[in-house]
Each structure stands twice: as C-alpha cells, then as structure tokens.
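Trainee: need coordinates for the below:
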Amino acid sequence: MKNRMNLPAPLLAGLEKSTYDRGDSDVTVSQLVNPPRIAALLGKHGDQIEEDAADIIWRVLGSAVHHFIDAAAEAHDWIQEERFYKTVRGMRVGGQIDCYDPDAHALYDFKVTSAWSVLDGPKDEWVKQMNCYAHLMRHEGHTVRSAHIVAILRDWSKSRVGGKYPEAQAMMLEIPLWSDDEASAYIDTRVQGYQQNVQALDLGDKLTKCTDEERWLRLKKGKPPVYTRCEQYCSVAKWCDMAPKGDW
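Mentor: Reported below is the predicted structural model:
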C-alpha cells in the first residue's frame, strides 16, 4: 500500500488489515454487479491493485459502522454478515448480506456514502446488489419481503438541507424488489458475461466494451467527453484498453 501523505503506521496497518472473505464463492455478487469487463479484470488483477492509504480512509468509517451494527444485531437475533450461495453455469455465486430481520423478512445493507449520491434515490448498482442478495437468500429457503439501504452520509452538512438534499446524516432508502425470475435471469446473464470475458482474457481476445453509462460519461458543451469512472474510480484502469492513458 502506498502512503503519499505519510499517515502514521497504526492507521496504515489498520487499512492494510482486510477482513473481507469471499467464502467458497467462485464469483461474488459485488463482482457481478460491475460491468463484465471490470469483473473479469478484477478477477485476474485484483491481487495486483495497489492503493494509497489516503484514498481509502473512508473504509475505516465503513468498518466501524459494520462492527457497531454486528454487535447490536446479535442482541436482536438478526442474521448478520452471512454469505449465501447458488451455483449458476457451473460457478458458485456468493453474496454476503449485512443484516436480515427474520420477523419482518427485511434485508438491510449499510452504506457509508456521500450525501450527493442519494439525491435521486438508491444507486442502480445498489438495486442490483440487493436483488441478487434477496434471490440468493430465497434460494436457501428465506423469505425476503423488503430490502433497504441504510445510507450514512459522511459529508452531510446541516447548512445545505433543503430541496432534494437529505435532512439528516442517515436515511433509509427502500429498494424495489424484482421477481425471483427477474433476479435469476439477471444473475445468469452476469455470470455468462463474466465467463465470456475471463475466457477472452485468457485467449488475448477483445473484452466486452463498457457502455457510456457504465463509464459515467459527463458531457459539457464545447468540451471533450469525460469518463469519470475510467479516469478517477476504476481500480483496474491500469490494465484496461478503454481507460485513458495515465501514470498508473
């Protein structure tokens, strides 16, 4: 891990200590909600990604929230931090939920995010992620009647409240649930795309192109297009022939 801001060693050690465990998954829901190109590149180069501590400090907040929720959920007999599985096209797909209320049959996921990211409701990727989790839970015999994102807004400011801006630093976002057939078809399509792109990588063939929407295209009159995800947020841009050339 890089440390361009010379952050102290204990903080660096905490960031380097990953508690993520993909369990027995061949591929995870978190991978599959990415565009197939990104999912395949992550599968191949994930262990080569080098991050800077200053750029991932937000993970400390996320980890703290999950630690706090884990302790509280135990007292309420909720299912927490459990991974569910389904075999699709010969691959074991796994997804780890945050919390599930067995009495209300309600699924919850906690996101430490920007206030600006929730102005128009839940992100599309959150909707896909939660519906995949719901499907995997149903596959293992659980009933899911509702799904919710609990958004904890790290940059919320009381002085900005008004209009679509959130009125508090935490808010609930209800996720529209798909039918089980819709969710099954979505997962099947994503696994197929993942497999095709993994094979293309192995053979040196072209990968599926990310769409403008997936690349977070921004257009301003008189200026060249900006692909925000490619330029600022894609962790595999270094290995992607669609990404702008840069000092990786």
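Trainee: following element in sequence after the helix or strand of the chain with the lowest mean pLDDT, please.
Mentor: In the chain, the helix or strand scored least confidently by mean pLDDT, DSSP states H and E is helix 58-75, which has a mean of 74. Toward the C-terminus, helix 58-75 is succeeded by strand 79-80 as the next helix or strand (DSSP states H and E).
Trainee: in its sheet, which strands sit next to that next one, and in what direction?
Mentor: Sheet pairing of strand 79-80 (DSSP bridges) gives strand 99-101 (antiparallel).
Trainee: got the buried residues for the strand it pairs with?
Mentor: For strand 99-101, the neighbour count (16 or more other C-beta atoms under 10 Å) marks 99-101 as buried. (Glycine included, C-beta is placed from N, CA and C.)
Trainee: low-confidence stretches in this structure?
Mentor: Per-residue confidence for the chain (pLDDT under 70) gives these ranges: 18-20, 73-75, 246-248.
Trainee: ok, now with 90
Mentor: Scanning the chain for pLDDT under 90 picks out the ranges 1-2, 7, 9-23, 43, 46-47, 49-77, 243-248.
Trainee: show me where it has helices.
Mentor: With DSSP state H applied, the chain shows helices at 9-16, 29-32, 36-45, 58-75, 124-139, 180-203, 228, listed in chain order.
Trainee: show residues contacting the fifth one.
Mentor: Surrounding helix 124-139, the residues in contact under the criterion C-beta atoms under 8 Å, 6 or more residues apart in numbering are 29-30, 32-33, 84-86, 93-95, 97, 100, 107, 109, 111, 144, 147, 149, 173, 175-178, 180, 182-184, 186-187.
Trainee: filter those to the buried ones?
Mentor: Of the contacts of helix 124-139, these count as buried by 16+ other C-beta under 10 Å: 29-30, 32-33, 84-86, 93-95, 97, 100, 107, 109, 111, 144, 147, 149, 173, 175, 177-178, 183-184, 186-187.
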